[in-house]
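Enquirer: any chance you could fold what I've pasted below:
(one chain, ligands or ions: 2)
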Amino acid sequence: MPTLRLPGLIDPHVHLREPGGEYKEDFESGTKAALAGGITLVLVMPNTRPPLIDSDSLALAETAAAQRAVCDWGIHLGASPENTLTAADLAPRVSGLKFYLDATFGPLHLQDLRTLREHFARFPKDRPILCHAEGRTVAAVLMCAHLEGRSVHICHVSRQEEIEIIRDAKMRGIQVTCEVCAHHLYLSTDDIAHLGEGRSEVRPRLASPADQAALWRNLEFVDCFATDHAPHLLSEKDSSNPPPGFPGLETSFALMLRAVHEGRLTLEGLVERMVHAPRRIFDLPEQPDTWIEVDPDLVWQPSAHNTVSRARWTPFEGWKLRGRVIRTVLRGKEVYQQGMFQVQPGAGRNVAPIARRDFAT
Ligand code: NCD
Ligand code: ZN
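Expert: Residues are numbered from 1 along each chain as shown. Ligands and ions are numbered 1, 2, ... in the order given. This is a model prediction of the structure:
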């Protein structure tokens with residue numbers, strides 16, 4: 001196949017660890033990893049230290065991103081019991097309101113149904129709400145959103161019962177969208193033995209082969225592919241208390257291209273889920289003159305030795321992937337080419353509604 005030219009990819013679910021965890025990743029290392037993986041716009045998660053739940057903490061991340069990000073970016077605000085009255089005021093500065101309703105890394109775990117309902121009632125209906133919800137929590141979230149007449153986005157769906165209730169809700173006209181991660185499509189509990197316990201820790205956990213098959217079977221109900229890039233150092237993953245999470249920015253696109261090669265997904269279906277749907281769901285601006293060039297047949301092996309991310313490991317070590325980004329262009333400027341970056345820290349722009357005017361210029 002000849003070189004492919006595709007629009008810059010959009011990843012709505014990324015952990016870049018600033019502020020407070022820069023030794024794992026910062027805005028520069030993380031957004032460079034994004035460019036190498038063909039991603040030109042990242043929406044980053046609020047489970048940092050401190051967590052991003054108010055104006056001051058949000059300002060820490062905004063400043064860090066403005067100084068260091070090399071691709072475009074938005075920040076999701078974290079929902080907490082303390083910010084039910086203030087989250088709506090911060091909506092113009094963020095790309096969405098994120099709820100951690102099941103076991104996760106960081107301090108934002110929220111279990112109280114009344115707090116959830118209060119947030120759902122107050123946050124502007126035209127701004128995205130996204131939830132880490134597993135198992136029956138998905139049903140609770142769908143009901144809360146439905147009662148408020150608003151839509152909700154379910155993060156990293158990994159199990160059969162989850163994708164099936166989302167499918168059935170969609171078929172009845174309930175406003176719900178969802179994302180699936182490449183690692184849940186390509187890894188399952190069958191891989192834990194060879195990966196090792198610590199290195200296979202991720203939330204949601206790797207699911208059964210039957211769950212994995214259900215995700216593939218229901219791909220038409222999957223709106224987006226997100227990386228849930230969650231960098232932790234190998235020394236942490238191999239410790240007695242391994243934090244959950246996989247790096248994914250540099251491998252996700254190639255894994256989804258593998259699905260295209262395997263005939264499980266069309267290229268149009270890939271672009272829909274990695275560009276158009278995230279742009280629509282998260283109300284993101286067009287990125288003018290922004291594209292990636294891909295050698296669809298280049299065979300390569302992801303390896304700890306060739307990652308851009310500070311995590312310096314990958315659960316896909318040694319896999320043979322076919323198809324790789326060879327060039328990334330952001331606003332008309334070549335920013336990445338075959339392992340080399342030519343971009344100034346801070347070149348990325350904020351996609352938040354409050355910054356839209358700057359975005360266009
Ligand atoms: C995430 C992290 O490390 O921040 N880990 C993960 O396993 N996905 C937290 C999360 O997304 O729940
Ligand atoms: Zn996450």
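Enquirer: show me where the stretch 151-300 of the chain has helices.
Expert: 160-171, 182-186, 192-195, 209-217, 234-237, 252-261, 267-271, 277-281 (DSSP state H, counting those that start in this stretch).
Enquirer: okay, now S239: neighbour count?
Expert: Neighbour count of S239, defined by other C-beta atoms under 10 Å: 12. Where you see a C-beta, it was placed from the backbone N, CA and C, and this is true even at glycine.
Enquirer: what's the closest of the helices of the stretch 151-300 of the chain to P107?
Expert: helix 234-237 (17.4 Å; C-beta to C-beta).
Enquirer: can you pull out the residues in contact with the closest one?
Expert: Helix 234-237 is contacted by residues G198, R199, E201, P242, P243, A304, A311, R312, W313 when judged by C-beta atoms under 8 Å, 6 or more residues apart in numbering.
Enquirer: out of those, which is most surrounded?
Expert: Result: A311 is most packed of those (other C-beta under 10 Å), 28 neighbours.
Enquirer: does it count as helix, strand or coil?
Expert: With DSSP: H, G, I helix; E, B strand; the rest coil as the basis, A311 sits in coil.
Enquirer: circling back: would you list the helices of the stretch 151-300 of the chain in a markdown table and tack on distance to ligand 1?
Expert: Conversion of those to a markdown table gives the following (distance: least, C-beta to the nearest ligand atom, whole Å):
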| stretch | distance to ligand 1 |
| --- | --- |
| helix 160-171 | 15 |
| helix 182-186 | 9 |
| helix 192-195 | 14 |
| helix 209-217 | 16 |
| helix 234-237 | 10 |
| helix 252-261 | 13 |
| helix 267-271 | 22 |
| helix 277-281 | 17 |
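Enquirer: export these to TSV and tack on mean pLDDT and mean neighbour count?
Expert: Formatted as TSV, those follow (pLDDT from 0 to 100; neighbours: other C-beta atoms under 10 Å):
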stretch	mean pLDDT	mean neighbour count
helix 160-171	98	18
helix 182-186	98	22
helix 192-195	98	12
helix 209-217	98	16
helix 234-237	97	16
helix 252-261	98	22
helix 267-271	98	15
helix 277-281	98	19
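Enquirer: about what we covered before: name the nearest of the contacts of helix 234-237 relative to ligand 1.
Expert: Checking these against ligand 1 by C-beta to the nearest ligand atom gives P243 as the nearest, at 6.0 Å.
Enquirer: got the contact list for that closest one?
Expert: F105, E201, H232, E236, K237.
Enquirer: okay if I get those as a markdown table plus distance to L215?
Expert: As requested, the contacts of P243 are arranged in a markdown table below (distance: C-beta to C-beta, whole Å):
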| residue | distance to L215 |
| --- | --- |
| F105 | 22 |
| E201 | 20 |
| H232 | 24 |
| E236 | 28 |
| K237 | 24 |
